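Visitor: Got a predicted model here, sequence first, then my questions.
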Amino acid sequence: MLTSQQIADRVRQLGTEITRDYRGRDLVIIGVLKGAAAFTVDLARAIDLPVVMDWTAVSTYGRGSTAGTPTLLKDIGEELAGRDVLVVEDILDSGATLSWLMARLRKQAPASVNCCVLLRKPHTVAKPMEPRYVGFDITEHWVAGYGIDYAERHRNLSDIHEVRLPSAALTASA
Ligand SMILES: O=P(O)(O)OC[C@H]1O[C@H](OP(=O)(O)OP(=O)(O)O)[C@H](O)[C@@H]1O
Ligand SMILES: Nc1nc2[nH]cnc2c(=O)[nH]1
């Protein structure tokens, strides 16, 4: 679906935009494990600012048209009060994970909270939200590679691939 070269080119563009938008600010980048690990590291290296990096992990069940139920698996360590926060996610699908996470981070009273998603799927129905930065708008097909898994495997692929699944398996995985 997307080659490593296409991804690298877009990551470089996003890094340039973020560098311009956050110059002179106290930027904290929060990568959402596990899917956004590769993207977060590459994006951070494309930003020409002294950013602070931190990590969180959230698991969300009941995606799609039903409201997801997120669980925090790993919290951040940074204090966010008064700082500019950029959450980095691999995929925006139902929006359940990101909307829950951003509401949680806002409770620490940061100066701002925005997000950068690599891939946006077309139907963010459950929790509509507008990321400040989007890498690519894609179809609703299941994808894997560049940090994104299929049944926990294939995160190590350099390209992003479409995974052909029977519709029953797709529902079970979500
Ligand atoms: O917009 P949503 O419907 O919430 O879906 C997007 C989330 O789903 C995937 O995470 P997953 O729970 O599979 O965990 P992982 O990042 O560890 O692979 C993906 O990495 C996003 O975090
Ligand atoms: N791994 C993976 N997780 C997802 N969560 C929502 N869509 C996807 C997808 O295409 N792949």
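Guide: All right, it came through fine. Ligands and ions are numbered 1, 2, ... in the order given.

Visitor: From what I see, Ser99 and Glu130 are in contact.
Guide: No - with contact defined as C-beta atoms under 8 Å, Ser99 does not count as touching Glu130 (10.8 Å). For the C-beta atoms, the positions are set from N, CA and C on the backbone; glycine is no exception.

Visitor: More neighbours: which of the two?
Guide: Ser99 (20 against 11; other C-beta atoms under 10 Å).

Visitor: ok so the more buried one is a strand residue?
Guide: No - using DSSP: H, G, I helix; E, B strand; the rest coil, the assignment for Ser99 is helix, not a strand.

Visitor: Next to ligand 2, which bits of this protein? Give me the list.
Guide: Applying C-beta under 6 Å from any ligand atom, we find that the chain lies next to ligand 2 at 91, 93, 142-144, 148-149.

Visitor: Try it again at 5 Å.
Guide: Counting by C-beta under 5 Å from any ligand atom, the positions of the chain adjacent to ligand 2 are 91, 93, 142-143, 148-149.

Visitor: Counting neighbours, which of the residues you listed end up buried?
Guide: 91, 93, 142-143, 148-149 (16 or more other C-beta atoms under 10 Å).

Visitor: Residue of the protein closest to ligand 2, please.
Guide: With C-beta to the nearest ligand atom, the shortest gap between the chain and ligand 2 falls at Asp93, namely 3.7 Å.

Visitor: Tell me the confidence at Ile148?
Guide: Note for Ile148: predicted pLDDT of 97.

Visitor: my read: Ala44 touches Val52, true?
Guide: No - Ala44 is not in contact with Val52 according to C-beta under 8 Å; the separation is 9.7 Å.

Visitor: just checking, what packs against the lengthiest helix in the chain?
Guide: Assignment by DSSP state H gives helix 4-22 as the longest helix of the chain. Applying 3 or more C-beta pairs under 8 Å, 6 or more residues apart in numbering; DSSP states H and E, we find helix 4-22 packed against helix 37-45, strand 84-92, strand 112-120, strand 133-137.

Visitor: Let me know which of the ones you listed is tucked in deepest.
Guide: Mean neighbour count, computed with mean count of other C-beta atoms under 10 Å, is highest for strand 84-92 among the helices and strands packed on helix 4-22, reaching a mean of 23.

Visitor: hmm, it touching ligand 1?
Guide: Yes - using C-beta under 5 Å from any ligand atom, strand 84-92 reaches ligand 1 at 90-91.

Visitor: Just the C-alphas of that strand, formatted as CSV.
Guide: Presented in CSV, the C-alpha positions along strand 84-92 are these (Å, rounded to 0.1, in the frame of the first residue of the first chain):
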residue,chain,number,x,y,z
ASP,A,84,3.1,21.6,24.2
VAL,A,85,2.1,18.0,23.7
LEU,A,86,2.1,16.1,20.4
VAL,A,87,0.6,12.6,20.5
VAL,A,88,1.9,10.4,17.7
GLU,A,89,-0.3,7.6,16.5
ASP,A,90,0.0,5.1,13.7
ILE,A,91,-3.7,4.7,12.8
LEU,A,92,-6.9,6.8,13.4
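
Visitor: If anything else comes up later, I'll come back, but that's it for now.
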